[in-house]
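J.: Let me see the structure of the following:
(one chain, ligands or ions: 1)
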Amino acid sequence: MLSINDLRASIEGKEILKGINLEVKSGEVHAIMGPNGSGKSTLASVLAGREEYEVTGGSVVFDGKDILDMAPEERAAEGIFLAFQYPVEIPGVTTINFLKTAVNEIRKYRGENPLDAAQFLKMVREKAKLVSMNDSLLKRALNEGFSGGEKKRNEIFQMAVLEPKLAILDETDSGLDIDALRIVAEGVNSLRSPERATIVVTHYQRLLDYIVPDYVHVLYKGRIVKSGPKELALELEEKGYDWIKAEVEAVG
Ligand SMILES: Nc1ncnc2c1ncn2[C@@H]1O[C@H](COP(=O)(O)OP(=O)(O)OP(=O)(O)O)[C@@H](O)[C@H]1O
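T.: Below you'll find the predicted structure:
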């Protein structure tokens, strides 16, 4: 589904990603961990097409198409969802209207008819139930005055409504409490299916107790320096990152 080859990216002339290689197949959940400043959020942002980052080499192929030349909206329409670390507030636009526009833009891109109000509401009610989203939040302006946990739930709800093929969750610095961890985990698990995949970027080993990943990767100095099964996250929790750093330095 997703094939990242020798991906390099810079910000303000500084190279942050120094040759990332990663294969994600449908049905899989991949966790990306690593010390502070290793490039995790940069990777998530580059995959989502955020413009501050300059891609200086490599390729990212999603469902057979190179996405690096696509605008973020096109990537979304192709089925990639990035839950932003700090979701934006849009005063005056309700969550539900925002989502209706987003869903219908994606349908248009795919050559499908837009959903009418009744069809959309029916779908939204089902999804809201799935992620225990409170009705009153849907009618409030997008993210305005939402607590951290409410924003998080809203983000996961957006993901449920948009039904992405690939969800990229960046939870490196989002201050998740136990409830928010559960919200994220339940959302991801409820969307787990053989046709979809998830990449979860996180510092929280605990999150991986709830979202059990198929693979764990450690990013360090802009490269994936170690990959392993879910047990690798436990080993990291116990031993920290120093042993991995030492291994990398020893190899040069
Ligand atoms: N806008 C920016 N301007 C300059 N440097 C940046 C910018 N954004 C990121 N960087 C640098 O890129 C490097 C990687 O940052 P990134 O946020 O991707 O790391 P991370 O692995 O997600 O870190 P953390 O675990 O601390 O969230 C850091 O050294 C950071 O200072």
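J.: give me the low-pLDDT residue ranges for the protein?
T.: The chain contains residues with pLDDT under 70 at 83-93, 141-143, 172-175, 252.
J.: residue closest to the middle of it?
T.: Central residue of the chain (C-alpha atoms, centre = their mean): Ile168, 1.7 Å from the mean position.
J.: which other helices and strands contact the helix or strand hosting that one?
T.: Using DSSP states H and E, Ile168 sits within strand 166-171. In terms of contacts (3 or more C-beta pairs under 8 Å, 6 or more residues apart in numbering; DSSP states H and E), strand 166-171 is packed against helix 40-48, strand 80-83, helix 178-191, strand 197-202. C-beta coordinates here come from the backbone N, C-alpha and C atoms, glycine included.
J.: That one near the ligand anywhere?
T.: No. Residues of strand 166-171 contacting the ligand under C-beta under 6 Å from any ligand atom: none, with a closest distance of 7.6 Å.
J.: list the buried ones in that strand?
T.: 166-171 (16 or more other C-beta atoms under 10 Å).
J.: Name the nearest of these relative to the ligand.
T.: Proximity of the buried residues of strand 166-171 to the ligand was ranked by C-beta to the nearest ligand atom; the top entry is Asp170 with 7.6 Å.
J.: for the nearest residue to the closest one once chain neighbours are set aside, what are its contacts?
T.: Closest residue in space to Asp170, ignoring its immediate chain neighbours: Ala44 at 4.2 Å, by C-beta to C-beta, 6 or more residues apart in numbering. By C-beta atoms under 8 Å, 6 or more residues apart in numbering, the contact list for Ala44 reads 82, 168, 170, 199, 201.
J.: Likewise for Ala233?
T.: Counted by C-beta under 8 Å, 6+ apart, Ala233 has contacts 31, 33, 205, 208, 213, 216.
J.: And for Asp214?
T.: 28-30, 229-230.
J.: Going through those residues, which ones are buried?
T.: Among those, those buried by neighbour count (16+ other C-beta under 10 Å) are 28-30, 230.
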